[in-house]
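Trainee: how would this look folded up:
(chains A and B)
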Amino acid sequence: EPEVTQTPSHQVTQMGQEVILRCVPISNHLYFYWYRQILGQKVEFLVSFYNNEISEKSEIFDDQFSVERPDGSNFTLKIRSTKLEDSAMYFCASSEQAGSSPYEQYFGPGTRLTVT
Amino acid sequence: AQSVTQLGSHVSVSEGALVLLRCNYSSSVPPYLFWYVQYPNQGLQLLLKYTTGATLVKGINGFEAEFKKSETSFHLTKPSAHMSDAAEYFCAVRAVKAAGNKLTFGGGTRVLVKP
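Mentor: Numbering: from 1, shown residues only, chains lettered A, B, ... in the order given. So this is what the prediction gives:
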């Protein structure tokens, strides 16, 4: 069964450093998402991406964050200058479509980001 | 703005007993409703969803949920718990008209199944 994969599974970085989290969505999917879950808190939506542009983003997704689909298979989340509060589990997801029908979002296993 | 509340961050049930996980939402218009499950070291997996039509929705692994508009609830049940049901369960909503397909999650309920 196709699945969303994410690398690395755990990333440790120092405050102020740039990190790139990588995701390989399911191959025929067209919509891509990032969510995060700070320890002990809810899973929060960050951004959705379609046709090489952002469809929707949350207030969390400020100028420190960016997303990119650099090639036909990868989807990345970049944090330019990490802060302690960016420590969280980051989930990538993909769906065939979006819009009026609630197409299922398939989630990856997550990347745990620890900022020290 | 939409919000989702899951009552009980931890639930403990005996094997063979009823599993009941509560979810209430706040939304000006009834949204689409979802339950996801997360097993250790895995991503979130869709259990079931309500979009339109029959308010009792059946999902995978014997779970079902009932949408009650008057109560703004979407509680998840399973008649008989198995050890393999030990996991974390998330209720989520999506606005019917949501171009970005954003999901709003509840806080999650971790289920422990006792032998």
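Trainee: quick one: stretch B:23-32 near chain A?
Mentor: Yes - under the criterion of CB under 8 Å from any CB of the partner chain, chain A is reached by stretch B:23-32 at residue B:32. Quick note: C-beta positions are derived from backbone N, CA and C, even for glycine.
Trainee: Flag every buried residue along that stretch.
Mentor: B:23-25, B:27, B:30-32 (16 or more other CB atoms under 10 Å in any protein chain shown).
Trainee: Show me the contact partners of that stretch.
Mentor: The contact list for stretch B:23-32 (CB atoms under 8 Å, 6 or more residues apart in numbering or on different chains) reads A:102, B:2-7, B:33, B:35, B:49-51, B:65, B:67, B:69, B:71-76, B:91, B:93-96, B:106.
Trainee: got the end-to-end distance for stretch A:88-105?
Mentor: In stretch A:88-105, first residue to last residue: 20 Å (CA to CA, to the nearest Å).
Trainee: One more: stretch A:81-89?
Mentor: 17 Å.
Trainee: Any residue of it touching chain B?
Mentor: No - Stretch A:81-89 lies out of reach of chain B by CB under 8 Å from any CB, never closer than 10.2 Å.
Trainee: which other residues reach that stretch?
Mentor: Outside stretch A:81-89, the residues that touch it by CB under 8 Å, 6+ apart are A:13-19, A:36-39, A:64, A:79, A:110-116.
Trainee: so how far is that stretch off the chain centroid?
Mentor: In terms of CA atoms, centre = their mean, to the nearest Å, the centre of stretch A:81-89 is found 13 Å from the chain centre.
Trainee: Show me which positions of it end up buried.
Mentor: For stretch A:81-89, the buried set under the neighbour-count rule, 16+ other CB under 10 Å, comprises A:82, A:86-89.
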